[in-house]
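Peer 1: Below are the sequence and a predicted model; questions follow.
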Amino acid sequence: MTTIRRNYDKKRLNALDTAHHLHPFTDHKSFHAEGGARIITSADGCWLTDADGQRILDGMAGLWCVNVGYGREELARVAYEQMMELPYYNAFFKTATPPVVELSAKLAEVMPGNINRVYFGNSGSESNDTLLRLVRWFWAIQGKPYKKWIIGRHNGYHGSTVAGVSLGGMKAMHGQGDLPIPGIAHIQQPYWYGEGGEMSPEEFGLAAARELEKKILELGPHNVAAFIGEPIQGAGGVVIPPDSYWPEVQRICRQYDVLMACDEVICGFGRTGEWFGCQSFGVEPDLITMAKGLSSGYQPISALGVADRIAEVILDKGGEFYHGYTYSGHPVACAVALKNLEILQEEKLVERTKTVTGPHLATALESLADHPIVGQVRSRGLIGAIELVKDKTTRTRFRDLGKVGTLCRDHFFRRNAIMRACGDTMVVSPPLIISTAEIDTLIGIARECLDATWAEVKDW
């Protein structure tokens, strides 16, 4: 892999960033008071390089997305070749381009067997917007316009558009913009460590799933269109549900004729050791939203996978679906995504995650379980979490939830490694190409960060 490195004026870039750039999910007042942005200038494999020349081990694959790692020449090459041949044309007006057709077929090959069609967008948020629109239209063209309620979960995350925030269950996000929009309800998340009490994981998984049935009956089955959930909640703190959870959710959805949608934006394309997270839990959704790992972050692209039962109604009933984006099925993004999927297959990265690096990460994380500040570690494939607690026995949290997690995250930054803090849960989601030695390095740094954090907070 060859990385092109240029000489950047760090001081100038920081000044321009401060003057003109509003960062996502940022308290800008405190951000600028702390000195502004760390400028990342290049990357290779699992490692970033900043404007000071510091190498940083990326334990989050960007934002859960750079599955094949940084610096893949073949992805840059296919983008260049597609730009030279056809840099853009739309998918409106009864038109298609070769990359969008080929990518659609490749996705049908790797998606669950009941899903054979896709609707393209540019981000996970957009794919969840499309899901909301499509679900309500699906029932309306069957003469059931009243069947429109969609049920999500507290602490779930489905993006930051109006529809995405509404489908998600993040209360802080709901507080900005008078959300959620009408017709969306939320139920308990399947978070055994935080909410399971004295129940066994299996018992809690069933109990949490049956909250869905209670909500369906409360709203009226004839009014409920769909349920949406991440197979493993990502931004909510890598909440891995008990194995009893998803099969029971599927049973309930089928009993009450409610569509089951899995948000695979994080879990999709090998993260859990299967192509899609739903396959790790043995269920077949009616809809799956995907983005991030679809192109390994090399191009903005997303898709909504649509099951045959839905597609057949759309084809039979006819009528125009008044929805689409200028860049739906962008030929360059599709060409890059197609090559990305070929890399995942040729290098057997999904299988490697399941049999080699995923188990190694699980063992490495388990070595941290004895730490005084660690309440639980958990993982599935190459996604994992470390719960930070004041008291391991009672699972008692520190006051001011998120403060300790932020301290720990900052210790990672100082040691040139990246893990993310979701509240007081440290989460990890490295590129699928990560080596076992790099996992050991990351977890070794994690122990140093836990020690440094504990030294600061043990008397709180």
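Peer 2: Yes, it's here. Everything numeric in this text was worked out from a predicted model, so none of it was measured.
Peer 1: can you give me how far stretch 382-400 is from the chain middle?
Peer 2: In terms of CA atoms, centre = their mean, to the nearest Å, the centre of stretch 382-400 is found 22 Å from the chain centre.
Peer 1: Straight-line length of that stretch, end to end?
Peer 2: 29 Å (CA to CA, to the nearest Å).
Peer 1: That stretch: which residues count as buried?
Peer 2: Residues 382-390, 392, 397-398 are the ones in stretch 382-400 that count as buried (16 or more other CB atoms under 10 Å). Where C-beta positions appear, they are placed from N, C-alpha and C, glycine not excepted.
Peer 1: Excluding sequence neighbours, find me the nearest residue to the residue nearest the centre of the chain.
Peer 2: By CA atoms, centre = their mean, the mean C-alpha position of the chain lies nearest to I266, the distance being 2.4 Å. With CB to CB, 6 or more residues apart in numbering as the criterion, I266 has its nearest non-adjacent residue at 4.0 Å, and that residue is G234.
Peer 1: Next, the one you found: phi, psi?
Peer 2: phi -90, psi -70 (degrees, to the nearest 10).
Peer 1: same question, T49
Peer 2: Dihedral angles for T49 - degrees, to the nearest 10 - are phi -130, psi 130.
Peer 1: Counting neighbours, what do you get for the closest residue to H28 other than its chain neighbours?
Peer 2: The spatially closest residue to H28, leaving aside those adjacent along the chain, is L22, at 6.8 Å (CB to CB, 6+ apart). Neighbour count of L22, defined by other CB atoms under 10 Å: 7.
Peer 1: The residue nearest to I266 is in contact with R380, isn't it?
Peer 2: No. Here G234 lies out of contact with R380, judged by CB atoms under 8 Å, at a distance of 11.6 Å.
Peer 1: Please name every helix or strand in contact with the helix or strand of the chain with the lowest mean pLDDT.
Peer 2: Least confident helix or strand, the chain: helix 28-33 with a mean of 86, by mean pLDDT, DSSP states H and E. Helices and strands touching helix 28-33, by 3 or more CB pairs under 8 Å, 6 or more residues apart in numbering; DSSP states H and E: there are none.
Peer 1: Report the contact partners of V162.
Peer 2: 177, 179, 181 (CB atoms under 8 Å, 6 or more residues apart in numbering).
Peer 1: and what of P247?
Peer 2: 281-283.
Peer 1: Which of those residues ranks first by neighbour count?
Peer 2: Most surrounded of those: other CB under 10 Å gives F281, at 24 neighbours.
Peer 1: Can you report how many residues lie near the closest residue to A337 other than its chain neighbours?
Peer 2: Distances taken as CB to CB, 6+ apart put S295 closest to A337, at 4.3 Å, once the chain neighbours are dropped. The burial count assigned to S295 is 28, neighbours taken as other CB under 10 Å.
Peer 1: Then V374?
Peer 2: 20.
Peer 1: likewise T353?
Peer 2: For T353, the count of nearby residues is 26 (other CB under 10 Å).
Peer 1: okay, it: pLDDT?
Peer 2: What the model reports as pLDDT for T353 is 98.
Peer 1: swap in K144?
Peer 2: 97.
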